[in-house]
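Peer 1: Let me see the structure of the following:
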Amino acid sequence: MNSTKIEISVGPVSFSGEGDQAWLAEQLDKVLKAATGIAASSPRERPMSSVVDSTPVGGEFTISLSSYIKEKGGEANQVDRFLITADWLRLRGAKSLATAIVSKALTENHQKRLANPADCLNKNVSKGFCEKSDGGFFITPEGLRKLGHA
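Peer 2: Sure, this is the predicted structure:
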């Protein structure tokens, strides 16, 4: 039997499950219906997906990488510095993130290099702060919360 895993959070409602696809699809429909009702009745709660879009992106973000790393406390820890640099790139409007882009940003901005960028990404993935996708990665809502965005 092939088992599938799913984990979703929408506002105050979260669901994680493991099983066959048909059962998970049925459960997900129930969770989404419940979440829609709760979100409609509680306007102060924001769905988790809105956390990603809550920070200004593009030309509005002009803090230097050095200042941003210091502000977020990532000078001493490579794994944190990787996450902070990826967030800095995201805030500056990067459409896709990859380990090579993070390393290049650190080098171009005269910051300490990462000994093993791929390992830094894997450690952030294992902590739930990043998730790999389509040859790159993205910062999860948990990662954004760690960085103080939510």
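
Peer 1: residue ranges for the strands of the chain, please.
Peer 2: Remark: strands of the chain, listed N- to C-terminal, are 4-10, 13-19, 130-133, 136-139; assignment by DSSP state E.

Peer 1: closest to residue 85 out of those strands?
Peer 2: strand 136-139 (10.9 Å; CB to CB). (C-beta placed from N, C-alpha, C; glycine too.)

Peer 1: what's next to the closest one, contact-wise?
Peer 2: Around strand 136-139, the neighbours that count as contacts under CB atoms under 8 Å, 6 or more residues apart in numbering are 52, 83, 86-87, 90, 96-99, 121, 125, 129-131, 147.

Peer 1: Could you tell me which of those count as buried?
Peer 2: With burial judged by 16 or more other CB atoms under 10 Å, the buried subset of the contacts of strand 136-139 is 52, 83, 86, 87, 90, 97, 98, 99, 121, 129, 130, 147.

Peer 1: quick one, what contacts the second one?
Peer 2: What it means is residue 83. For residue 83, the set of contacting residues under the criterion of CB under 8 Å, 6+ apart consists of 74, 120, 124, 129, 130, 139, 143, 146, 147.
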